[in-house]
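[1] all I have is the shape, not the residue letters:
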Ligand SMILES: O=c1ccn([C@@H]2O[C@H](COP(=O)(O)OP(=O)(O)O[C@H]3O[C@H](CO)[C@@H](O)[C@H](O)[C@H]3O)[C@@H](O)[C@H]2O)c(=O)[nH]1
């Protein structure tokens, strides 16, 4: 399709949950068009991208995905040195990091100018993260188009945008409230708002980042959304009505090995660079091999969230009481430096040893080979914070979810999974949410014991998995949307 010499520049936000789908999108477009793609990011993220590209790719398209470094120095903004990704942030550093990310605008402008100088014309378009609203200004000043990519789903992104753009929210604890853009029958609860959003009024430090960023991204030429028409039709209707711009549903962007996975094909392997040493994929897989089919609960709160120490204790006790096998990825609890070493005191006395002796639990520190674990036949349920990538990865292999949303749009993802899709049960929400060992045990048993609710959720997860595979097939809706997006950009080129 189109000219081989077209060039697209991509700018993901500096977070694993954003970089991973951006890279998958770059590969998808590159393979379908032969265009050159440049992914711009800060040096450490570029290093990760380079390693991932060299680990996972054995095709000749590689040289056409270029990586460009944008200078960024965390310590200039009061952040610890080498802070370039949300995975290394403590909770209170997030807002500083978000504001600091605005300083990438000037180097990004220079990068795109340099490309124009070299190639004699602007790139076909800039695909920028929803968190880099200023990319619309860069694109406009350099005579190219800007398309915003949300790495979340449609429902979650629409709720997130509407809630930040329609401040304040002053419902009382018992109150449900309407959210502009959502049907009146679809009410949200105050506990579904992150603590920052509950007090935001447009003048606070969080609103001062989010409001202009979202307003700017609504000035782009259109949106790419990491979902498929078949997965969340209502969410897409709400999202399209909200942004009032073309929306291409090009996802969910998952590794081909996961999309082609079947229960009989065994766990997939080697999909990503190893970010932080936790435990080797081999050790996880060996451990899983020792457990019966669908018997293991996998627990992870994604790449940037964690829970409180008291919640961690209750979760551990509930797990032990349930007797179910589990793999639990543990990041330091709230209040501890995110880079600090694992400490046994976060868990009940001798918990890790006891779980190992009984072969009940495997604790993984910081980062696990998630795709390998989810695609293993022994994994039956995922206790997840409901980051969109985790949700899609889980359904792709037919694994239902116990939801514990923590931040960003996760509460809205969870709401849709529980209320509209019936594919998750919510254990609790946020850092303030009550977690009691008895309830942990009850919910685990409800979902993991094969009769009734658990069985129904598993069936629904597998159905969504089928929809994902359909959308991502050659003639499927999502690949058609990629082609349509590229054709639209090519036909618009003359207009810029
Ligand atoms: O130990 C780990 C932890 C994570 N991952 C991978 O990292 C990604 C994490 O993405 P996601 O599940 O979406 O969670 P977050 O990292 O929290 O993602 C951020 O970005 C998402 C996409 O915009 C949002 O939906 C989330 O709310 C936001 O927190 C997934 O691909 C995981 O497979 C691993 O491989 N190993």
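    The structure has been received and is ready for your questions. Please read all numbers here as calculations on a predicted model, not as lab measurements.

[2] contacts only, for the closest residue to the ligand within the stretch 351-496 of the chain.
    At 2.3 Å from the ligand, residue 387 is the closest residue in the stretch 351-496 of the chain, using Cβ to the nearest ligand atom. For every residue, glycine as well, the C-beta is placed using N, CA and C. Residues near residue 387 by Cβ atoms under 8 Å, 6 or more residues apart in numbering: 17, 302-303, 305, 408, 410, 413.

[3] ok, residue 136 next?
    Residues in contact with residue 136 (Cβ under 8 Å, 6+ apart) are 128, 146, 148, 216-217, 219-220.

[4] the ligand contacts on this protein?
    15-18, 20, 151-152, 272, 300, 302-305, 329, 367-368, 370-371, 387-390, 393, 408-410 (Cβ under 6 Å from any ligand atom).

[5] return the subset of those lying in helices.
    16-18, 20, 370-371, 388-390, 393, 410 (DSSP state H).

[6] tell me how many other residues crowd residue 225.
    When neighbours are defined as other Cβ atoms under 10 Å, residue 225 has 30 of them.

[7] what do you get for residue 75?
    Neighbours of residue 75 (other Cβ under 10 Å): 10.

[8] again, but for residue 297
    Residue 297 has 22 nearby residues by other Cβ under 10 Å.

[9] cool, the one 3 residues further on as well?
    Residue 300 is surrounded by 23 other residues when neighbours are defined as other Cβ under 10 Å.

[10] residue contacts, it?
    Residue 300 neighbours (Cβ under 8 Å, 6+ apart): 328-329, 368, 370, 382-385, 390.

[11] and which of these is nearest to residue 493?
    Using Cβ to Cβ, residue 390 is the member of the contacts of residue 300 that lies nearest residue 493, at 36.6 Å.

[12] what sits against the nearest residue to the closest one once chain neighbours are set aside?
    Take residue 390 and drop its neighbours on the chain: the residue closest to it by Cβ to Cβ, 6 or more residues apart in numbering is residue 384, 4.9 Å away. Residues near residue 384 by Cβ under 8 Å, 6+ apart: 299-302, 390-391, 394, 401-404.

[13] so which of the residues you listed belong to strands?
    299-300, 401-403 (DSSP state E).

[14] may I ask which of those has the most neighbours?
    residue 401 (28 neighbours).

[15] so which of the contacts of residue 384 comes closest to residue 202?
    residue 302 (28.4 Å).

[16] how much space between the closest one and residue 406?
    8 Å (Cβ to Cβ, to the nearest Å).

[17] over to residue 368?
    As for residue 368, its distance to residue 406 is 17 Å (criterion: Cβ to Cβ).

[18] burial count for residue 103?
    By other Cβ under 10 Å, neighbour count at residue 103 equals 15.

[19] correct me, but it touches residue 72?
    Yes - here residue 103 reaches residue 72: they are 7.1 Å apart, a contact under Cβ atoms under 8 Å.

[20] closest residue of the stretch 101-250 of the chain to the ligand?
    residue 151 (3.6 Å).

[21] neighbours of that residue, how many?
    Number of residues near residue 151 (other Cβ under 10 Å) recorded here: 28.

[22] please apply the same query to residue 203.
    Neighbour tally, residue 203, other Cβ under 10 Å: 9.

[23] can you confirm it is in a strand?
    No - Residue 203 sits outside any strand when classified using DSSP: H, G, I helix; E, B strand; the rest coil, being coil.

[24] return the distance of it relative to residue 167.
    9 Å.

[25] repeat that for residue 221.
    From residue 221 across to residue 167, the span is 27 Å (Cβ to Cβ).

[26] same thing with residue 483?
    In terms of Cβ to Cβ, residue 483 sits 39 Å off from residue 167.

[27] poorly predicted segments of the stretch 201-350 of the chain, please.
    The model of the stretch 201-350 of the chain has pLDDT under 70 over residues 272-278.

[28] go again using 80 as the cut-off
    For the stretch 201-350 of the chain, applying pLDDT under 80 flags the ranges 263-266, 269-279.

[29] distance of the residue nearest to residue 390 relative to residue 305?
    10 Å.

[30] taking the ones in helices among the residues of the chain next to the ligand together, which two end up most distant?
    So, these by Cβ to Cβ: farthest apart are 371 and 410, at 19.7 Å.

[31] start to end distance for stretch 5-13?
    Terminal residues of stretch 5-13 lie 26 Å apart, using Cα to Cα, to the nearest Å.

[32] same question, stretch 150-169
    Start-to-end span of stretch 150-169 (Cα to Cα) is 24 Å.

[33] tell me which residues of it come out buried.
    With burial defined by 16 or more other Cβ atoms under 10 Å, the residues of stretch 150-169 counted as buried are 150-165, 167, 169.
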